[in-house]
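Q: need coordinates for the following:
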Amino acid sequence: MRRVPLLDGGSDPIGVALATGAGHLIVDLEPLVVMWDSPTSRLDSHLAVVVDQVAGRATLTIATNSRRRPSNPVTGLTFRRRAGKPWRVGWARPMATDAAVVGDIVWTDGLLAWRIGAPFVLVTDQLMDPPLWPRVQRWTGRLLLKLLFVEGDGDNGQ
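A: Numbering: from 1, shown residues only. Sure, this is the predicted structure:
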């Protein structure tokens, strides 16, 4: 079975993803950009910070399974709400050969990375107090880590 690189996002998961040399970042919305309980009104300013961090170094897609979206278009990114991670991957396949996925839940973000063959940057530092369902997903997702991923940025484990 193919295994893809797993990287610890530490305190700067976007920086870790950029260090892979990926030309495209697929970033989970919650909790990386905004927390689950943050009002949508904060979304625009928080997106601008991520866009600035990535600008000129990679293209950016924010992917969320939720219905949230920015109130105004944000230049410098593609925003995918109701992305269907990890089951619908057609939108991610064109960028797969040069992408890294950044997220906090192995069942959604990690499986998306695995399905498209991209490195997965696991966000572990920003996990304040997630709602119950993300907490359950995070805990049970640990079972997949050794099966689908190889730690570090080495080969893809084939």
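Q: which stretches of this protein have low pLDDT?
A: 1, 34-36, 125-128, 153-158 (pLDDT under 70).
Q: can you map out the strands along it?
A: Secondary structure of the chain (DSSP state E): strands at 4-8, 24-28, 59-63, 78-80, 99-103, 120-122, 149-151.
Q: neighbouring strands - and their directions - for the fourth one?
A: This means strand 78-80. strand 59-63 (parallel) (DSSP bridges).
Q: ok, and what's touching the partner strand?
A: Residues outside strand 59-63 that contact it (C-beta atoms under 8 Å, 6 or more residues apart in numbering): 23-29, 33, 47, 50-51, 54, 76-80, 83, 85, 92, 95, 112. For the C-beta atoms, the positions are set from N, CA and C on the backbone; glycine is no exception.
Q: from the chain's centre, how far out does the biggest helix by length in the chain sit?
A: Scanning the chain for the longest helix, with DSSP state H as the assignment, gives helix 132-148. Using C-alpha atoms, centre = their mean, to the nearest Å, the mean C-alpha position of helix 132-148 is found 15 Å from that of the whole chain.
Q: check which residues of that helix are buried.
A: The neighbour-count check on helix 132-148 (16 or more other C-beta atoms under 10 Å) flags 134, 137-138, 141, 148 as buried.
Q: how many neighbouring residues does S11 have?
A: 9 (other C-beta atoms under 10 Å).
Q: and if you look at W114?
A: 22.
Q: hmm, V150 and it touching each other?
A: No - with contact defined as C-beta atoms under 8 Å, W114 does not count as touching V150 (11.0 Å).
Q: could you pull up the residues touching S71?
A: Residues in contact with S71 (C-beta under 8 Å, 6+ apart) are 40-41, 43-44.
Q: revised request: answer the last question for V4.
A: So, once contact is read as C-beta under 8 Å, 6+ apart, V4 ends up touching 113-114, 117-120, 148-150, 156-157.
Q: would you mind measuring from it to W107?
A: With distances taken as C-beta to C-beta, to the nearest Å, V4 is found 15 Å from W107.
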